[in-house]
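# My questions concern the predicted model and sequence given below.
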Amino acid sequence: MTAAPESLLSVFENAFAEICRTRENFTAPFVPREAGTITSVSTGIARVSGLPGVGFEELVRFPGNVFGIAFNVDEDETGVVLLGDYWHLQAGDEVERSGRVMDVAVGEGLLGRVIDPLGRPLDGSGPVDAVERKPIERPAAAIMDRAPVTVPLQTGIKVIDAVIPIGHGQRELILGDRQTGKTAIALDTILNQRGKNVLCVYCAIGQRASAVAKAVAILREKGAMDYTVVVVAGGNDPPGLAYIAPYAATSIAEYFMEAGHDVLIVYDDLTQHARAYRELSLLLRRPPGREAFPGDIFYIHSRLLERATHLSKERGGGSLTALPIIETEAQNISAYIPTNLISITDGQIYLSPALFELGVLPAVDVGKSVSRVGGKAQRAVYRAVAGDLKLAYAQFEELETFARFGARLDDATRKSIEHGRRIRACLKQPEFSPVPVPAQIVILLALIEKLFDPVPIKRMKEAEHAVHEAAATIPAEVSGRFETADKLSDEDRKAIIEIARQALTPFQPKPEAKAAPKEKP
């Protein structure tokens, strides 16, 4: 059957009437949009014209979903730092303002993930589960919102926990030449936070992809990725990503700190960060200063590390402890970047190539290392046990240098040197094997009491291992006081010394039997 012409006509009339009403009621939304054009593109930067309202450090959008940060805001043009692959950009392409500053995704969902400074996943585990976004550049906490640094952050490394203590909220610099074990100390510290309610952020800046993959594999193998976020700006990435990486990582860490957590952040390393900033500054025609670095190179690191702090109880009581790493050249710690960071931080751990070549690992030079917080961030039992350790070790190093000249040594000097050699042997420690607090206390107390002195140097490793195992027999009430006691009581000290003495008994040299007198013919 066919419909009547009148019914079809009414259908069309109703449809056209509805279209007319919709057209009359429709109002096109007018969104203000400020766009410009690229005038030139070079390595990692672009020069843009036609953005008169752009602000400093504002995010701008390029074709292909590439972002950049407005760095040089001049009258005629804007210098933009590019944050992605820019090979397809060319002069004449359109650029658009975003109206916001650079930010990064934060939240509990980042734990266990490997991301880039823009928050994009690099581990192939799907999209990142974030609760909000925070600007990468944020003002540091006010002085009145901070609390003193008094709670120790145990690294699990004997020489650091005993001689160069680190506290929650401290900034401790790790510096040394290439391949001296700087990253190993940072990874050991992260591994030692397992079960201590400390979250970690590891920021790799300008590292080789193989080195970053190895570090992530170690963290994953030891179960540390459960409480760690890894932020990576690789050596092949644009310098803009290397520049923003530590700031993005700090914003992620601050989210946890403001939620009341204790957080440890490692910057590996800020030498590459300074070089990336120098490259960008020179390309943007900023005036160079000492070693061709721009004049504000000190400021970019000070405003970064100033964000590490221990918040007061009113602000939640969280803390952010920073371990920045820098690389020296030919042991020159008085170069520009090392001296800048030494003056910003609360102490430094210096790794000596000479000790590294001797096989003393970790190669910490106790004489050049310092913690400016000191014993205030150390347990009372450590202060009692390790009080004279640094002095005895420093004296040994001086006497050892003197003894190399072949001078005749008296008995007291010879005993000091032998005692120092036992200290050095006990402070050696393999990578990725943190030592718990009770074992450290027993070993250090045995050193101070010179219980290791009769042990032959060749058997020191076995002897130390025996003392380490004997630490498990410390009574629970004694080991419990390691955390709370104001000082080590005489009874506790005697009990620990007796445990160490019994463990070292098999390593004591046996007295030589006297030869029988010969009969006269």
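Nice, I can see it. Residues are numbered from 1 along each chain as shown.

# quick check, residue 48 in a strand?
Yes - assignment of residue 48 by DSSP: H, G, I helix; E, B strand; the rest coil places it within a strand.

# what is it paired to in the beta sheet?
The partner list for residue 48 in beta bridges (DSSP bridges) reads residue 38, residue 78.

# give me the number of residues near it?
Counted with other Cβ atoms under 10 Å, the neighbours of residue 48 add up to 25. Every residue, glycine included, has its C-beta placed from N, CA and C.

# thought it was touching residue 81?
No - checked against Cβ atoms under 8 Å, the pair residue 48 and residue 81 is beyond contact range at 11.3 Å.

# Which parts of the stretch 151-300 of the chain are helices?
Per DSSP state H, counting those that start in this stretch, the stretch 151-300 of the chain carries helices over the ranges 158-163, 182-191, 209-221, 239-258, 270-283, 297-305.

# With residue 479 as the reference, name the closest of the ones you listed.
Each of the helices of the stretch 151-300 of the chain was checked against residue 479 via Cβ to Cβ, and the shortest separation belongs to helix 158-163, namely 15.7 Å.

# and the gap between the closest residue to residue 427 other than its chain neighbours and residue 145?
The spatial neighbour of residue 427 that comes closest, neighbours along the chain excluded (Cβ to Cβ, 6 or more residues apart in numbering), is residue 159 at 4.4 Å. Residue 159 sits at a distance of 33 Å from residue 145 (criterion: Cβ to Cβ, to the nearest Å).

# My reading is that residue 134 is in a strand; is that accurate?
Yes - residue assignment for residue 134, taken from three-state DSSP, places it within a strand.

# Contacts only, for it.
Going by Cβ atoms under 8 Å, 6 or more residues apart in numbering, residue 134 touches 103, 104, 106, 251, 254, 255.

# pLDDT score for residue 472?
Among the per-residue scores, residue 472 holds a pLDDT of 89.

# And residue 41, which helix or strand is it part of?
According to DSSP states H and E, residue 41 maps onto strand 35-42.

# Any stretches of this structure with poor pLDDT?
Judged by pLDDT under 70, the chain has its weakly predicted residues at 1-6, 28, 30-31, 406-407, 485-486, 510-521.

# before we move on, back to that, neighbours of the residue nearest to residue 427, how many?
Counted by other Cβ under 10 Å, the residues lying close to residue 159 total 26.

# go on, residue 142?
When counting by other Cβ under 10 Å, one arrives at 10 neighbours for residue 142.

# Pull up the gap between it and residue 310, please.
Shown here: residue 142 relative to residue 310, a distance of 13 Å by Cβ to Cβ.

# What of residue 275?
31 Å.

# And these two? Which one has more around it.
Neighbour count, other Cβ under 10 Å: between residue 275 and residue 310, residue 310 has more, with 25 against 17.

# Return the residues in contact with residue 88.
Residues counted as contacts of residue 88 (Cβ under 8 Å, 6+ apart) are 63, 64.

# Give me the distance between it and residue 41.
Where residue 41 is concerned, residue 88 sits at a distance of 10 Å (Cβ to Cβ).

# now swap in residue 387 and tell me
Applying Cβ to Cβ, the value for residue 387 to residue 41 is 61 Å.

# Ramachandran coordinates for the nearest residue to residue 64 once chain neighbours are set aside?
Of all residues beyond its chain neighbours, the one nearest residue 64 is residue 88 (5.6 Å), with distances taken as Cβ to Cβ, 6+ apart. The phi and psi torsions at residue 88 (degrees, to the nearest 10) take the values phi -90, psi -10.
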